[in-house]
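Undergrad: Here is the input, now give the coordinates:
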Amino acid sequence: MTTATGNPLPPSGPAHNAGFQQRFQDLVARVGGLAIAGELAGVTDETIGKWRDGKTKPTFFGLAGIAAAAGVTLDWLLTGAEHPRALAASDADVEAALPEFALLPRYSVSASAGSGLVAHEEVEIERIAFRRDWLRDMGLDPNQAGLLSAKGDSMHPTIPDGAMMLVDRRLDQPIVSGYIYVIVLDGEVLVKRVSRNVDATFDLISDNPIYPVQKVRQPDFDKLMIAGRVFWVGRTI
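TA: Next up is the predicted model:
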């Protein structure tokens, strides 16, 4: 294949086997979805979807851009010969190569959109690329943003079970009624819509109407911590 010119990979090459498609799908999810993968590759998200599904042939430079952002080599992407963790570039290397992107941490902790999950120590499991200008337009500081997964259906349809949430982790921001927050309440991690009441209580509201409103009164304030505001939700459809 003549990859140096950016020509498409031949249909008989490794880019069109099932292993490649699965690795490429994993890579698209790692960098933040079809739209971000398209930005990295310089193509549309529709084109990325066709590459993922094996309907069209990806270009060398397109694959290289996505692989670099995810910290893996093209050898692994095309052949699966080596494990991506062993090949991961440092964050500094990736951000130097792609300065318009910030690598945000995704944590092992899930926030329950249900009855609550017992909080454990959060562990960073990977980093996912987001455009800095997109984050800036949303009012987010890349150094204070992170990603968590939702678990449960209490915030359905706004936040489906398993959706990835982009969270502003700055603790000095005021709590605004009607916004969705990640909350730690008495050791449980929740994602709820918050309402501040005139009697100095808080209502934790689920978007799914089958779940009742939880009221937090002053005696329980020491059990409540706002871990961050949810700004964006990414999900598989």
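
Undergrad: Helix, strand, or coil at the residue of the chain positioned farthest from its centre?
TA: Largest separation from the mean C-alpha position in the chain: D199, at 36.3 Å (CA atoms, centre = their mean). At D199 the chain is in coil, as set by DSSP: H, G, I helix; E, B strand; the rest coil.

Undergrad: Pairing partners for V230 in the sheet, please.
TA: Note on V230: beta-bridge partners V167, judged by DSSP bridges.

Undergrad: Could you point out which residue ranges in this protein have low pLDDT?
TA: 1-18, 81-98, 112-122, 235-237 (pLDDT under 70).

Undergrad: Number of residues surrounding V72?
TA: Applying other CB atoms under 10 Å, we find 23 residues neighbouring V72. To be clear about C-beta, it is placed using only N, CA and C from the backbone, and glycine gets the same treatment.

Undergrad: just checking, it is part of a helix?
TA: No. Read with three-state DSSP, V72 is coil and lies in no helix.

Undergrad: start to end distance for stretch 141-150?
TA: End-to-end distance for stretch 141-150, by CA to CA, to the nearest Å: 22 Å.

Undergrad: And for stretch 46-59?
TA: End-to-end distance for stretch 46-59: 14 Å, by CA to CA.

Undergrad: ok, and for that stretch, which residues are buried?
TA: Buried positions in stretch 46-59, judged by neighbour count with 16 or more other CB atoms under 10 Å: T47, I48, W51, R52, G54, P58, T59.

Undergrad: This structure: strands as residue ranges?
TA: Along the chain, counting by DSSP state E, strands occupy 101-112, 117-118, 124-131, 145-151, 164-168, 180-185, 188-196, 202-205, 214-216, 224-234.

Undergrad: returning to that earlier point: so can I have CSV of the buried residues of stretch 46-59 showing distance to L204?
TA: Below are these laid out as CSV (distance: CB to CB, whole Å):
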residue, distance to L204
T47, 42
I48, 37
W51, 42
R52, 38
G54, 45
P58, 45
T59, 48
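
Undergrad: roughly how far apart are L27 and I36?
TA: Between L27 and I36 the computed distance is 11 Å (CB to CB, to the nearest Å).

Undergrad: okay, the strands of the chain in JSON lines with mean neighbour count and distance to M138 next?
TA: Putting those into JSON lines (neighbours: other CB atoms under 10 Å; distance: least, CB to CB, whole Å) gives the following:
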{"stretch": "strand 101-112", "mean neighbour count": "20", "distance to M138": "12"}
{"stretch": "strand 117-118", "mean neighbour count": "13", "distance to M138": "26"}
{"stretch": "strand 124-131", "mean neighbour count": "19", "distance to M138": "10"}
{"stretch": "strand 145-151", "mean neighbour count": "22", "distance to M138": "9"}
{"stretch": "strand 164-168", "mean neighbour count": "23", "distance to M138": "8"}
{"stretch": "strand 180-185", "mean neighbour count": "21", "distance to M138": "14"}
{"stretch": "strand 188-196", "mean neighbour count": "21", "distance to M138": "18"}
{"stretch": "strand 202-205", "mean neighbour count": "20", "distance to M138": "23"}
{"stretch": "strand 214-216", "mean neighbour count": "15", "distance to M138": "28"}
{"stretch": "strand 224-234", "mean neighbour count": "17", "distance to M138": "6"}
